[in-house]
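Visitor: Everything below, folded, please.
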Amino acid sequence: MVNIFTEIINKSTYIDKVEYRKLFKEHWADMKKSFYKYENLQNYKDDSKFLEMYINKDFKGMREIITSLYTSEKELAKVRENKNINLIRVHGIKYPLSEYIKLEALIYKIPHKFGQKIYFFDKDREFSNKYIMDFVIFDEKIIFILDFCDEKLQGVWQCTEDIPQIEKLCELFRHSESKLNDFRELGVADEEVNNAIEHILNIGKDVYNEK
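Guide: Okay, the predicted model is just below:
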C-alpha cells in the first residue's frame, strides 16, 4: 500500500484545507457514479468540540450539532438527487474502541439515512503490516489523499491523472464490500445520543418538509 500512495502523491498537487473543501463540494456536485472514502483516524483533533460534548455528556449541545449534521447531509443528498451513485465509506478501527470511534459509529446513522453504505474492519487483523492513508475518490478517477499529522489535517494531495494506482484502490471497495462489516455491527450504545439522533431522523420529514 505504501508504494501505491507514494506513486499517487508523486503525481499529485498539494493543496490547503480551504481549497480541498471547495473542490470537494464541486466534485460532489459533478460526480456521476461513485464516491469512495477511507478513514483511518482513531482520534481527531481538528474539531474536538463535538467529541468533548460526547465525553462530558453535554447532550443539549450535541443535539444542536446533530441537527446541523442532519441539515448538511440532507443538502449533500439533494445535490445528487436522481443520480444512481454508489456511496461507500470504510473506517479502519482498532480495539479497544476510542471515544471518537464510538461517537462516529453513532453519528454514521445520519449519512446512512441518506444513502451512504458505511463499513468498518479491524485494522490489526486485515492490514497489520500495511500502511494506508485517508483518501477520497470521486467517480473512480479523482483522488484526494489527506495529510494528517498529530490527528489534524495539514493539507491534501490531489491527483486527477488517469493512473492504475487509483484503480487499485477502487478495487478495495468494489471487491471487498461483501467482506466488510456494517457500521451498526460495532454495537456502540449510548441511550442519550441515540435518542437525540433518532429524534432528528424521525422528525426530519416534518421539520425539513421532506417527501
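Visitor: quick one: terminal-to-terminal distance for stretch 29-45?
Guide: Using CA to CA, to the nearest Å, the end-to-end distance of stretch 29-45 comes to 28 Å.
Visitor: Show me what counts as buried in that stretch.
Guide: For stretch 29-45, a neighbour-count test (16 or more other CB atoms under 10 Å) marks 31, 34, 35, 36, 37, 38, 39, 40, 41, 42, 44 as buried. C-beta coordinates here come from the backbone N, C-alpha and C atoms, glycine included.
Visitor: Can you show me the strands along this structure?
Guide: Counting by DSSP state E, the chain has these strands, from start to end: 13-15, 34-39, 86-93, 117-122, 135-138, 142-149, 152-159, 181-182.
Visitor: Could I get the average pLDDT for the third one?
Guide: Put plainly, it is strand 86-93. The average pLDDT for strand 86-93 rounds to 90.
Visitor: next one: stretch 182-200
Guide: Rounded mean pLDDT across stretch 182-200 is 76.
Visitor: Let me have the buried residues of stretch 29-45 in JSON lines, extended by pLDDT.
Guide: Listed next are these as JSON lines, based on pLDDT from 0 to 100:
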{"residue": "31", "pLDDT": "94"}
{"residue": "34", "pLDDT": "94"}
{"residue": "35", "pLDDT": "95"}
{"residue": "36", "pLDDT": "95"}
{"residue": "37", "pLDDT": "95"}
{"residue": "38", "pLDDT": "93"}
{"residue": "39", "pLDDT": "91"}
{"residue": "40", "pLDDT": "88"}
{"residue": "41", "pLDDT": "85"}
{"residue": "42", "pLDDT": "87"}
{"residue": "44", "pLDDT": "77"}
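Visitor: Just want the angle from the longest helix along the chain to strand 86-93.
Guide: In the chain, with assignment by DSSP state H, the single longest helix is helix 59-79. Between helix 59-79 and strand 86-93, the angle comes out at 140 degrees (axes from the mean of the first three to the mean of the last three CA atoms, to 10 degrees).
Visitor: neighbours around residue 78, how many?
Guide: 9 (other CB atoms under 10 Å).
Visitor: Now do the contacts for the nearest residue to residue 103 once chain neighbours are set aside.
Guide: Leaving aside its sequence neighbours, residue 103 sits nearest to residue 54 (CB to CB, 6 or more residues apart in numbering; 4.8 Å). By CB atoms under 8 Å, 6 or more residues apart in numbering, the contact list for residue 54 reads 62, 99, 102, 103, 190, 193.
Visitor: Tell me how far residue 54 lies from residue 63.
Guide: Applying CB to CB, to the nearest Å, the value for residue 54 to residue 63 is 12 Å.
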